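# Have a look at this fold, sequence not included:
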RNA sequence: GUGGGUAUAGUUCAGUGGCAGAACGCCAGACUGUGGCUCUGGAUGUCGUGGGUUCGACCCCCACUACCCACCCCA
């Protein structure tokens, strides 16, 4: 037992029947994306380390301590080893692809979605894995295509509410905020530093450190004793420039109009440096400490940061692992039934061949079938059919083959009929 | 990276310093072409790993590892 190879820390196998639930979420997302005119993009699982350092931000936790990074071998003696990293998120990769393929030159708004694994070297716990799965979408493009419009922000958020309903998750809460543009944030950061200077010594160790390095993160602190100080800190809303404020007001106005419930949460801070203006998060009560189902926001300067053209955008990523947890927590699991319709039971020696022909026939007519074995006794065939989750059992024995009349029994009701060989497909389909 | 909890059969878990257990599941028979019920029988464990104490350790002690939960962070 001890020297068996096991899935490494923070990774896991997703097995049936759970995989049906994963497929259900994936399918619902693809259907919704189609309705909103998003198209799939697939980017590599690993990228140049610099992409994340510059895109996500050198100072973020993700980049500074959570990435799986390694040195690739130099391809020639004259070359240096290249530093590569398993993607910790997918937005940077999408924007990199947007720039690399000059997608902005089409002049149109790009609406892209992705599905795939992401990697962060964190300590695993409920809803948090080292290989986890995200489904995300991005809207970006030239300003002239409308990429900067608050209509895009509201549309994305509305789409997510629609998506959650389609998936079957009901108990969510939407938090929205505006973190302003780069100028707004700089002024707000300065104000926070000044306000924190006199009180930070009374706060927790983390906050003392954050007050210096990244004051915004102080807002995220959950220490009960610190809350009194945090409540007195300046609010981001007071530091938004006219442009940012109007943009945010317009987003809220559209959300009100289409009837999406939300909370403005001025203390919501997102952990990636590229976010600007609108940020949002959907949370769920059944997820334990990792309560965020999905999160996202606008990233107006990201393309330029990566050496690309001006291409404002907004996007989100949802945690597939957490969607599945939320569905299980709500116990409203209604995944598609993927079980076979028919169990074909060969009866008696030499019947395997005949049963194989019938099973092949059924499958060619899109009837899912499981095939037994002529070594099974009748009772065992029934048990195998039951276990496979089949609705019907079809016997293929000497009597059937001789008479051309095949016994089909409904495992639920117990009804049994004899059906002519040529009529089996039609009978099962009706 | 830090803290707490857990580790015994396929699964969920009892257990005692002196022969390793239950329930469910699994296999077979009763019952050789009609199941789900019932009855009878059966298989399965380096008791997480390594060390220590002891005549003797699954149990007590130490270390390690893994998993779970939380901090942190985030999807």
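Great, that's in hand. All figures in this text were calculated on a predicted structure; none of them were measured in a lab. Residues are numbered from 1 along each chain as shown, chains lettered A, B, ... in the order given.
# Residue A:78: neighbouring residues, count only.
Using other C-beta atoms under 10 Å, residue A:78 is surrounded by 6 other residues. In short, each C-beta sits where N, CA and C put it, glycine included.
# Quick check: which element contains residue A:279?
Taking DSSP states H and E as the criterion, the element that holds residue A:279 is strand A:276-284.
# For that strand, which residues meet the burial criterion?
Neighbour-count burial for strand A:276-284, counted by 16 or more other C-beta atoms under 10 Å, picks out A:276-284.
# again, but for stretch A:138-157
Quick answer for stretch A:138-157 (16+ other C-beta under 10 Å): A:138-142, A:145, A:147-150, A:152-157.
# how about the residues you listed, which pair is most distant?
When C-beta to C-beta is used, the two most widely separated members of those are A:142 and A:157, lying 22.4 Å apart.
# which residues are contacting stretch A:29-47?
Residues outside stretch A:29-47 that contact it (C-beta atoms under 8 Å, 6 or more residues apart in numbering) are A:84-87, A:90, A:92-94, A:96-97, A:111-117, A:135, A:137, A:155, A:159, A:162-163, A:166-167, A:318.
# Just the buried residues of those.
Applying 16+ other C-beta under 10 Å to these, the neighbour count classes A:84-87, A:90, A:92-94, A:96-97, A:111-116, A:135, A:137, A:155, A:159, A:163, A:167, A:318 as buried.
# Now do the contacts for residue A:139.
With contact set as C-beta under 8 Å, 6+ apart, residue A:139 has these partners: A:109-111, A:147, A:152, A:155-156, A:313-315.
# how about 6 Å then?
If a contact means C-beta atoms under 6 Å, 6 or more residues apart in numbering, then residue A:139 has A:111, A:152, A:313-314 as its contacts.
# Leaving out chain neighbours, which residue sits closest to the residue in chain A that RNA strand B sits nearest to?
When C-beta to the nearest atom of the strand is the measure, chain A has its nearest residue to RNA strand B at residue A:271, with 1.4 Å between them. If the residues on either side of it in the chain are set aside, residue A:271 comes closest to residue A:60, at 5.8 Å by C-beta to C-beta, 6 or more residues apart in numbering.
# Show me which residues of the stretch 101-250 of chain A are close to RNA strand B?
Counting by C-beta under 7 Å from any atom of the strand, the residues of the stretch 101-250 of chain A lying close to RNA strand B are A:120, A:122-129, A:132, A:134, A:206, A:210, A:217, A:220-223.
# mind listing which of the contacts of stretch A:29-47 are in strands?
Secondary structure assignment (DSSP state E) places A:84-86, A:111-117, A:135, A:137, A:318 from the contacts of stretch A:29-47 within strands.
# what's the farthest-apart pair in those residues?
Checking these with C-beta to C-beta, the most distant pair is A:84 and A:111, at 28.9 Å.
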